[in-house]
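K.L.:
Sequence unavailable; structure follows:
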């Protein structure tokens with residue numbers, strides 16, 4: 001069986017290939033060999049069908065990993081680790097500033113935890 005491949009262009013003039021496939025018995029479609037090779041999939045691998053409006057996009061694990069990697073700001077994992085450290089340092093600075101505001105109040109209660117507990121229990125009548 002010969003599989004025809006047509007060449008078409010998106011609105012932005014990027015090239016893409018169309019591989020016509022017929023739905024067979026049991027509502028199954030065979031992925032053409034060229035597409036399997038491009039996706040890097042083999043028998044037993046999993047793929048995803050992503051619905052985008054009235055179109056379907058086939059996504060392999062390899063292309064999913066490439067997408068995750070691309071979202072890594074185009075840098076290597078070392079830079080990501082640095083970014084996470086910086087975010088943690090910013091969070092720590094915010095937490096420290098919160099405590100400084102809380103502890104630095106002039107009207108802050110100077111009593112110990114035990115003194116506060118006795119006072120609260122007394123107010124509740126549980127002494």
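P.N.:
That came in fine, so what should we check first? Everything quoted here is computed from the prediction, not taken from an experiment. Numbers count the residues shown, from 1 in each chain.

K.L.:
Per the annotation, how does this protein divide into domains?
P.N.:
6-21+32-69, 76-104 (automatic domain parsing).

K.L.:
Mean neighbour count, mean pLDDT and distance to residue 119 for those - can I get that in a markdown table?
P.N.:
To be clear about C-beta, it is placed using only N, CA and C from the backbone, and glycine gets the same treatment. Below are the domains of the chain laid out as a markdown table (neighbours: other C-beta atoms under 10 Å; pLDDT from 0 to 100; distance: least, C-beta to C-beta, whole Å):
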| stretch | mean neighbour count | mean pLDDT | distance to residue 119 |
| --- | --- | --- | --- |
| domain 6-21+32-69 | 11 | 78 | 55 |
| domain 76-104 | 10 | 79 | 19 |
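
K.L.:
Same list (these) but as JSON lines, adding distance to residue 121.
P.N.:
Output for these, formatted as JSON lines (distance: least, C-beta to C-beta, whole Å):
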{"stretch": "domain 6-21+32-69", "distance to residue 121": "55"}
{"stretch": "domain 76-104", "distance to residue 121": "24"}
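
K.L.:
so which of those gets nearest residue 120?
P.N.:
Checking the domains of the chain against residue 120 by C-beta to C-beta gives domain 76-104 as the closest, at 18.9 Å.

K.L.:
Residue 61 is in contact with residue 42, isn't it?
P.N.:
No. Counting by C-beta atoms under 8 Å, residue 61 does not reach residue 42; the two are 11.0 Å apart.

K.L.:
the helices in this protein, which residues?
P.N.:
Chain-ordered helices for the chain, with DSSP state H as the definition, fall at 33-39, 61-70, 77-103, 113-124.

K.L.:
Same list (those helices) but as JSON lines, adding distance to residue 18.
P.N.:
Shown next, in JSON lines, are the helices of the chain (distance: least, C-beta to C-beta, whole Å):
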{"stretch": "helix 33-39", "distance to residue 18": "11"}
{"stretch": "helix 61-70", "distance to residue 18": "18"}
{"stretch": "helix 77-103", "distance to residue 18": "37"}
{"stretch": "helix 113-124", "distance to residue 18": "73"}
